[in-house]
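Novice: A predicted structure for the sequence below; I have some questions about it.
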Amino acid sequence: MAASRFYSLPALKVGYKDLEPHISEEQLRLHHEKHHQAYVTGANGILEKLDAARTSGADVDMKATLKELSFHIGGHLLHSLFWANLAPAGTGGAPGGAIGNALEKEFGSFDRFKKEFTQAAGSVEGSGWAALSYCTQTDRPVIMQIEKHNVNVYPAFKILMVIDVWEHAYYLDYKNARPKFVEAFWNIVNWNEVDSRLAGIL
Ligand code: MN
C-alpha cells in the first residue's frame, strides 16, 4: 500500500528499557508494538474498506464506519503524542521556559496544575486519557479529559502533553492502581517536547 496514504507505527525515540522503573520494558513494548499497532491497523483497514466501496460503488454504513474510524485515528494520534512526551527518568520535575510560565499564569503554580491534571487522569471514566491542550483564542492551557480515544475532545486545540490511562498502559506494572502510574508519569515527562509543542503554536 502507498505508505503516505495510510498510517504507520512511529518508532519510539527512547529504548524500551529507558523509561524503567516507571514503565517496564515489557509494558512499554506490549503497549507500543501491540496496542498502538492495533489502532494503526484498525484505521488503515477502514480506509481500505472506504477505498474499496468507492471503487465498487457499494454503500457503506457511514455512522458505524465513521465512529470506528474516529476511535482508531484518535488512538493512533494520541499514542504518537504520548510516546514523544515521555523521556527517561531524571528529566522530570517542574518545567521552565514558556510552558512553565504558561502553567504558572493559568493555574497559579505548577503544583496546582499537577494536582488538577492528576485528578483529571485519575477520574477518567473507564478507558481514556488526560491531556494538556492549548486554546489560542483565549491563550490558555486547558486540561482535556478524553474518554476512549475521541470523546470530550476540544476540536482543534493542540495537545501539548498527554497520559494514557487505559488499563493496558499500566496493568503489567501497577495492576489496577492507576494513581500509582499517574504519579510515576511525572518522573518521565519530556518537558522539552511539551515546550516545543507550545512554541509551535505561539
Ligand atoms: Mn494505550
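Specialist: It's in.
Novice: Show me what the top helix by length along the chain is in contact with.
Specialist: Ranked by residue count under DSSP state H, the longest helix found in the chain is helix 62-84. With CB atoms under 8 Å, 6 or more residues apart in numbering as the test, helix 62-84 has contacts from 7, 10, 12-13, 32, 35-36, 38-40, 42-43, 46-47, 49-50, 129, 131, 146, 148-150, 153, 159, 162-164, 190, 193. In short, each C-beta sits where N, CA and C put it, glycine included.
Novice: Apply 6 Å and report the result again.
Specialist: Contacts with helix 62-84, where a contact means CB atoms under 6 Å, 6 or more residues apart in numbering, come from 7, 10, 12, 36, 39-40, 42-43, 46, 129, 149-150, 159, 162, 164, 193.
Novice: go on, stretch 171-182?
Specialist: Residues lying outside stretch 171-182 but in contact with it, judged by CB under 6 Å, 6+ apart, are 24, 26, 27, 118, 121, 122, 165, 170.
Novice: Next to the ion, which bits of this protein? Give me the list.
Specialist: By the criterion of CB under 5 Å from the ion, the positions of the chain lying close to the ion are 35, 164, 166, 169.
Novice: hey, what's residue 143 bridged with?
Specialist: With beta bridges defined as DSSP bridges, residue 143 has these partners: residue 132.
Novice: and the residues of the chain next to the ion as CSV, adding neighbour count?
Specialist: Supplementary listing: these in CSV, determined by neighbours: other CB atoms under 10 Å:
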residue, neighbour count
35, 15
164, 27
166, 20
169, 24
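Novice: now those in a markdown table, with pLDDT and secondary structure?
Specialist: Formatted as a markdown table, the entries for these read as follows, by pLDDT from 0 to 100; DSSP: H, G, I helix; E, B strand; the rest coil:
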| residue | pLDDT | secondary structure |
| --- | --- | --- |
| 35 | 98 | helix |
| 164 | 98 | strand |
| 166 | 98 | coil |
| 169 | 98 | helix |
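Novice: Many thanks, I have nothing further to ask.
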